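> Sequence isn't available, so here's the structure alone:
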């Protein structure tokens, strides 16, 4: 017979997995910094 574990007894992960949204946001920031463009627009800097 398998023992049941309540959610309160479950161990809390030390480093919880990042959500897909957080990963996408970090990725967007990375590429925005790399191409030196603003996050609010999709236009590339013409000065670069």
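The structure has been received and is ready for your questions. What you see is a predicted model; the values in this text were computed from it and never measured. Residues are numbered from 1 along each chain as shown.
> any weak-confidence spans in this structure?
Scanning the chain for pLDDT under 70 picks out 1-8, 36-48.
> can we see that at 50?
1 (pLDDT under 50).
> Going along the chain, name the strands of it.
Applying DSSP state E to the chain gives no strands.
> Tell me where it has helices.
Assigned by DSSP state H, the chain shows helices spanning 20-34.
> And for residue 25, the neighbour number?
13 (other Cβ atoms under 10 Å). C-betas here are computed from N, CA, C, even on glycine.
> Same question for residue 32.
Using other Cβ under 10 Å, residue 32 has 14 neighbouring residues.
> Check residue 22 too.
10.
> roughly how far apart are it and residue 9?
Using Cβ to Cβ, to the nearest Å, residue 22 is found at 27 Å from residue 9.
> go on, residue 26?
Taking Cβ to Cβ, one finds residue 26 at 32 Å from residue 9.
> same question, residue 25
33 Å.
> next one: residue 34
44 Å.
> ok so, going back, look at residue 26 and residue 9 and report which has more neighbours.
The neighbour comparison of residue 26 against residue 9 (other Cβ under 10 Å) goes to residue 26, with 11 against 7.
> got the contact list for the more buried one?
Counting by Cβ atoms under 8 Å, 6 or more residues apart in numbering, residue 26 touches residue 18.
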